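A.B. asks: got a structure for you, letters missing:
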């Protein structure tokens, strides 16, 4: 293999004013044009190398008081689909971005908020596999993502952890005040109706605060193999102690599912679902069937209800 002799060296620096930016983008809502900051968007980049190694020395962008980002990385064997590899580092901060909400219908805007955030991480390509490792922080909350995807065999793995996140900072009218949870998923294949598709998922909710109550100690465990889906949800939370089992067979022409719930204790009053004291235990059995077209069936039975 010949080593490339030439090298590319390119730099770009631009400061784009509000009116110039809108002229380039085209049609935009008038509300957005009015709320968009009257400050220039500054962009600079530096690239050098060749098809053997191409380096992004930096790509920086900033809209003062709104956001800034910095990217850097390199790619090797650019034109070789087999040997190609590379890595991209990302660092970004957001500040006052609520002007973006003017892109929504007026009656929807008050439901959302865009808080100050920090994003750090890297994306990587190696051995025909894409990797991602990112961390998003907002006040005391943090969301971490670690994942990979191998397109040829459709293999993937995703790990997401959420620590001390306050969803009301994003949805101010909602009642979900606090969330700590994690989920891990690994599998092969993206079509759930193929026999070759398999997947495993595990999840854990350590703490959810919704309205006037909180929920914790909930685990999810599931798998999909050869058309058979099996999922278990276990709650050790004292006010909602239960075990749910879901078994289903997935075919393109037909889906059958059975849900079994063994509820040892459910405190409606303690969960703030009723004004009068009510605690109960019961068993629930639900059977469902569908041809994913015109025919559907559902049967639900409740047993051993105890106050």
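C.D. replies: Here it is on my side, so go on. The structure displayed is predicted, hence computed values, not measured ones.

A.B. asks: Mean pLDDT per helix and strand in the chain: which one sits at the bottom?
C.D. replies: strand 213-215 (a mean of 76; mean pLDDT, DSSP states H and E).

A.B. asks: Go through that strand and flag the buried ones.
C.D. replies: residue 215 (16 or more other C-beta atoms under 10 Å). Bear in mind the C-beta positions are built from the backbone N, C-alpha and C, glycine included.

A.B. asks: Direction included, what does the helix or strand following that strand pair against?
C.D. replies: The helix or strand immediately downstream of strand 213-215 is strand 218-225, counting by DSSP states H and E. Strand 218-225 pairs in its sheet with strand 198-210 (antiparallel), strand 228-235 (antiparallel), by DSSP bridges.

A.B. asks: Which strands or helices does the least confident helix or strand of the chain pack on?
C.D. replies: If you count contacts as 3 or more C-beta pairs under 8 Å, 6 or more residues apart in numbering; DSSP states H and E, strand 213-215 packs onto strand 198-210.

A.B. asks: re the thing from before, comparing the strands paired with strand 218-225, which yields the minimum mean pLDDT?
C.D. replies: If the strands paired with strand 218-225 are sorted by mean pLDDT, strand 198-210 sits at the bottom with a mean of 92.

A.B. asks: For that one, which residues meet the burial criterion?
C.D. replies: For strand 198-210, by 16+ other C-beta under 10 Å, it's 198-199, 201, 203-210.

A.B. asks: Between which two of those residues is the distance greatest?
C.D. replies: Taking C-beta to C-beta as the measure, those span a maximum distance of 35.3 Å, between 198 and 209.

A.B. asks: before we move on, the earlier item: so can I have a markdown table of the strands paired with strand 218-225 showing distance to residue 305?
C.D. replies: Below are those laid out as a markdown table (distance: least, C-beta to C-beta, whole Å):
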| stretch | distance to residue 305 |
| --- | --- |
| strand 198-210 | 26 |
| strand 228-235 | 19 |
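
A.B. asks: before we move on, the earlier item: can you redo the buried residues of strand 198-210 as JSON lines, where the extra columns are distance to residue 192?
C.D. replies: Formatted as JSON lines, these follow (distance: C-beta to C-beta, whole Å):
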{"residue": "198", "distance to residue 192": "10"}
{"residue": "199", "distance to residue 192": "8"}
{"residue": "201", "distance to residue 192": "12"}
{"residue": "203", "distance to residue 192": "18"}
{"residue": "204", "distance to residue 192": "23"}
{"residue": "205", "distance to residue 192": "24"}
{"residue": "206", "distance to residue 192": "28"}
{"residue": "207", "distance to residue 192": "31"}
{"residue": "208", "distance to residue 192": "27"}
{"residue": "209", "distance to residue 192": "33"}
{"residue": "210", "distance to residue 192": "30"}
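
A.B. asks: Return the closest of the residues you listed with respect to residue 224.
C.D. replies: Distances from residue 224 to the buried residues of strand 198-210, taken by C-beta to C-beta, are shortest for residue 199, at 4.5 Å.

A.B. asks: now the closest one: how far from residue 182?
C.D. replies: 17 Å (C-beta to C-beta, to the nearest Å).

A.B. asks: do residue 243 as well
C.D. replies: On the measure of C-beta to C-beta, residue 243 and residue 182 end up 20 Å apart.

A.B. asks: for residue 269, same thing?
C.D. replies: 30 Å.

A.B. asks: before we move on, what about residue 150?
C.D. replies: Distance from residue 150 to residue 182, by C-beta to C-beta: 23 Å.

A.B. asks: And the residue nearest to residue 35 when sequence neighbours are not counted, its phi and psi?
C.D. replies: Once flanking residues are discounted, residue 35 sits nearest to residue 99: 4.1 Å by C-beta to C-beta, 6 or more residues apart in numbering. For residue 99, the backbone dihedrals (degrees, to the nearest 10) come out as phi -60, psi -20.
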